[in-house]
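Visitor: test case, fold it:
(one chain, ligands or ions: 2)
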Amino acid sequence: MVPKVIAISNQKGGVGKTTTSVNLSVGLAMRGYKVLLIDTDYQASCTVALGIDLEYDNKSIYAALVDLAPIQDCIIPTKRKNLDIIPSTQHLVGAEIELITVTEREFILTEKLEVIKPLYDFIFIDCPPSLGIVPINSLVAADSVIIPLQCEFFGLEGMHMLLDTIRILQGRLKPELYVEGILMTMFDHEAEFSRTIMSLMRTEFPDEVFDTFIPRDPDFIDSTASQIPVIATGKTDSIGLKAYDRLILEFLEKYNLRKRKRG
Ligand code: ADP
Ligand code: MG
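Guide: Numbering: from 1, shown residues only. Ligands and ions are numbered 1, 2, ... in the order given. Have a look, this model is predicted:
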């Protein structure tokens, strides 16, 4: 099967995981791709950003993981054409404990996704900034990982931790997992450290870092309150919108190239 499940992950919080998950998913759906977004953060930011009520305790990623409901029943259509979501709830915290005794517990999501994979062109998984059973399930279920990285020095630590984790997973649980790309976020043209980190990263990871970077733009903060993702505002002069639009083109180009290589 063609790879299509992409985890958006970084063990650090506030780096743009949710913003990237939402804008990539909505942007690809606007281009006609069938997209499913899975929210695996108990803080449920994706779920809220897409205007989904948090009353779906029996229709959530928690319900699917602990077998309260079949995963296909946990899919909820969003207001946006071509975009469905499996929402999160705060109950997801409990899953970390409830799943401890399950055998092959790292593969629960992998197995469940098999049923719904054929329905979509892309499945994005927004990961939490932690590393328990649920995030491990997300990485193991994924074909590839996008790592958003904030352009600041403290940001590098989370990324190195995640790269170590990916190496361990490749060795033990999922040899074919690969890094789709590292996405530099919240880039500030005025700040020297932003430019320094960008060039450091491009030197250290020339193949992984996306050419596209996401600049700091206050529109992203407003979009959380308005529940209209930046990519869908139609504001053609928005630097945030232009950046995610460019990312989508670069993602599709990289993705299709890889798909063709795999035959
Ligand atoms: P994470 O999911 O990694 O915790 P978020 O995507 O929720 O990170 O982003 C953290 C905060 O930063 C949010 O308030 C979001 O609106 C804001 N934000 C995200 N990307 C940008 C950006 N490029 N410019 C300015 N603010 C941003
Ligand atoms: Mg988040």
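Visitor: pull the contacting residues for the residue nearest to Met198 when sequence neighbours are not counted.
Guide: Distances taken as CB to CB, 6 or more residues apart in numbering put Met184 closest to Met198, at 5.8 Å, once the chain neighbours are dropped. Every C-beta, even on glycine, is put in place using the N, C-alpha and C of the backbone. Listed by CB atoms under 8 Å, 6 or more residues apart in numbering, the contact set of Met184 reads 149, 151, 197-198, 201, 209-210, 213-214.
Visitor: mind picking the two most distant members of those residues?
Guide: Ile197 and Phe210 (14.3 Å; CB to CB).
Visitor: now stretch 206-218: buried residues?
Guide: 208-210, 212-217 (16 or more other CB atoms under 10 Å).
Visitor: between these, which is closest to Glu114?
Guide: Checking these one by one against Glu114 (CB to CB), the nearest turns out to be Glu208, at 28.2 Å.
Visitor: so the closest one versus Ile146, what's the distance?
Guide: Per CB to CB, to the nearest Å, Glu208 is found 10 Å from Ile146.
Visitor: try Pro206
Guide: Computed as CB to CB, the Pro206 to Ile146 distance reads 17 Å.
Visitor: check contacts around the residue of the chain found nearest ligand 2.
Guide: At 3.3 Å from ligand 2, Thr18 is the closest residue in the chain, using CB to the ion. For Thr18, the contacting residues are 41, 45-46, 49, 126, by CB under 8 Å, 6+ apart.
Visitor: in these, find the pair that's most separated.
Guide: Using CB to CB, these span at most 11.2 Å, a distance reached by Asp41 and Ala49.
Visitor: do the least confident helix or strand in the chain by mean pLDDT and ligand 2 meet at all?
Guide: Least confident helix or strand, the chain: helix 219-226 with a mean of 85, by mean pLDDT, DSSP states H and E. No: Helix 219-226 lies apart from ligand 2 when judged by CB under 5 Å from the ion; the minimum separation is 10.7 Å.
Visitor: and that helix, what does it pack onto?
Guide: Here helix 219-226 touches helix 45-49, helix 239-262, going by 3 or more CB pairs under 8 Å, 6 or more residues apart in numbering; DSSP states H and E.
Visitor: can you pull the contacts of the residue in the stretch 51-200 of the chain that ligand 1 sits nearest to?
Guide: Relative to ligand 1, the nearest point of the stretch 51-200 of the chain is Met186 (4.6 Å; CB to the nearest ligand atom). Contact analysis of Met186 by CB under 8 Å, 6+ apart lists 15-16, 150-152, 214-216.
Visitor: now do 10 Å
Guide: Met186 is in contact with 14-16, 19, 148-152, 155, 194, 213-217, 220, counting by CB atoms under 10 Å, 6 or more residues apart in numbering.
Visitor: go on, Arg246?
Guide: Arg246 touches 210-214, counting by CB under 10 Å, 6+ apart.
Visitor: can you do 7 Å?
Guide: Applying CB atoms under 7 Å, 6 or more residues apart in numbering, we find Arg246 in contact with Thr212.
Visitor: in PDB, list the C-alpha atoms belonging to the helix or strand hosting Asp84.
Guide: Assigned by DSSP states H and E, Asp84 belongs to strand 83-86. The C-alpha coordinates for strand 83-86 follow below in PDB (Å, rounded to 0.1, in the frame of the first residue of the first chain):
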ATOM      1  CA  LEU A  83     -11.700  16.600   5.900                       C
ATOM      2  CA  ASP A  84     -12.700  14.200   8.700                       C
ATOM      3  CA  ILE A  85     -11.300  14.100  12.200                       C
ATOM      4  CA  ILE A  86     -11.000  11.500  15.000                       C
END
